[in-house]
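[1] Sharing a sequence plus its predicted fold:
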Amino acid sequence: MRAKVHVFLKPGVLDVQGKAVEAALHGLGWGHVEGVRVGKTIEFDLKGKDAAETEAEVKDMCEKLLANTVIESYRVEVA
Amino acid sequence: MKAAVIVFPGSNCDRDCKVAIERSTGASVDMVWHADTALPHGIDLIVLPGGFSYGDYLRCGAMAALSPIMNEVKLAADRGVATVGICNGFQVLCEAGMLPGALLRNEALKYVCKPVALEVTNAQTRFTAGYAGRREVTMTVGNGEGNFFADADTLARIEGEGQVVFRYQDNPNGSTNAIAGVVNARGNVLGLMPHPDRAFEAELGSADGAILFQSALASA
């Protein structure tokens, strides 16, 4: 199965990178852009019986390593 | 007196820490490789140095926090051994769950490297007792991700319990409440972004960092 993990800073946690990208987009003329957040995507293959079980396993990986839940939230896709 | 400096791949202040501890306290210092599974016997102080462990991959300190030696560091800290994380070492301690909060990218997106004036917010800790009531000390910061963050509940708790030990007089990186250093609830694990290892003798511009190492070992 293929897992995709999306990690972003939580709402309310200052994303300075997002702010810088937003300012750059404004500079290019897209002044109506707002709320830019920069995150990361981590993809990998793993063996698993079914999607639900694999998703639970990947969420465990997020809690232990892939995200720092003090500052980040994550979303898991398994297919 | 005996101290251990943990060396991760990408640590770059490990030698500085060794020299700083030796010269300011006279303690012998063992360098301990991250892949080791035991600390030397009879350690009184553990220091996690600054640098860019594992190239800051994933998040600063995230990989180092899972190093084999960190199990031993946690066990030693649980036994009450004084443990100090400086800069990247602070990030590692937060990632390891040994200290509250996390360090974010600096507010101005810039790496800051300069001497900073710090308020000693709690002079009663085993790391600050040697300042003997002095309220202001100077150390050097050098960080790109030193912006301390904790959620509102955690912040209220650590402020209320006296766990905030150092505060910037002039916040260089956007840290919440200008927090520069915190201790754990028990008071034996300290993390700080400023470098006491870059301020341990007058020739470096400040000798205030030496007192931190002396205090940590005096209380061991």
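    Done, it's in.
[2] Point me to the residue of chain B nearest chain A.
    B:A102 (4.4 Å; CB to the nearest CB). Where C-beta positions appear, they are placed from N, C-alpha and C, glycine not excepted.
[3] And for that residue, the neighbour number?
    B:A102 has 24 neighbours, counted by other CB atoms under 10 Å in any protein chain shown.
[4] Would you mind measuring from it to B:A199?
    Separation of B:A102 from B:A199 (CB to CB, to the nearest Å) stands at 25 Å.
[5] for chain A, what are the nearby residues on chain B?
    Residues of chain B found near chain A (CB under 8 Å from any CB of the partner chain) are B:58-59, B:62, B:66, B:94-95, B:101-102, B:104-109, B:147, B:149-151, B:174.
[6] Show me which of these are buried.
    Neighbour-count burial within the residues of chain B next to chain A applies to B:58-59, B:62, B:66, B:94-95, B:101-102, B:104-107, B:147, B:149-151, B:174; the criterion is 16 or more other CB atoms under 10 Å in any protein chain shown.
[7] related to what we said a few turns ago, quick one: which of the residues of chain B next to chain A sit in helices?
    Of these, the ones assigned to helices by DSSP state H are B:C94, B:E95.
[8] now what about the helix or strand A:G18 falls within, what contacts it?
    Assigned by DSSP states H and E, A:G18 belongs to helix A:16-27. Residues from elsewhere that reach helix A:16-27 (CB atoms under 8 Å, 6 or more residues apart in numbering or on different chains): A:9, A:33-38, B:104-109, B:174.
[9] What segments of the chain are strands?
    No chain in the question, so chain A it is. Secondary structure of chain A by DSSP state E: the strands cover A:2-9, A:40-45, A:72-78.
[10] Oops, wrong one, chain B.
    Under the criterion DSSP E, chain B contains strands at B:2-7, B:28-33, B:45-48, B:82-86, B:102-104, B:112-120, B:136-143, B:147-149, B:164-168, B:179-183, B:189-192.
[11] Contact residues of chain A facing chain B?
    Residues of chain A lying near chain B by CB under 8 Å from any CB: A:L9, A:V13, A:L14, A:V16, A:Q17, A:A20, A:L65, A:L66, A:N68, A:V70, A:I71.
[12] Relative to B:A62, how far out is the third one?
    In this view, A:L14 and B:A62 are 19 Å apart by CB to CB.
[13] One more: the fourth one?
    As judged by CB to CB, A:V16 and B:A62 stand 19 Å apart.
[14] Once you drop chain neighbours, what's closest to B:E161?
    Among residues not flanking B:E161 along the chain, B:A185 sits closest, at 6.6 Å (CB to CB, 6 or more residues apart in numbering or on different chains).
[15] Touching, that neighbour and B:G160? I think so.
    No - with contact defined as CB atoms under 8 Å, B:A185 does not count as touching B:G160 (11.3 Å).
[16] neighbour-wise, which of these two wins?
    Between B:A185 and B:G160, counted using other CB under 10 Å, the more crowded position is B:A185 (12 against 9).
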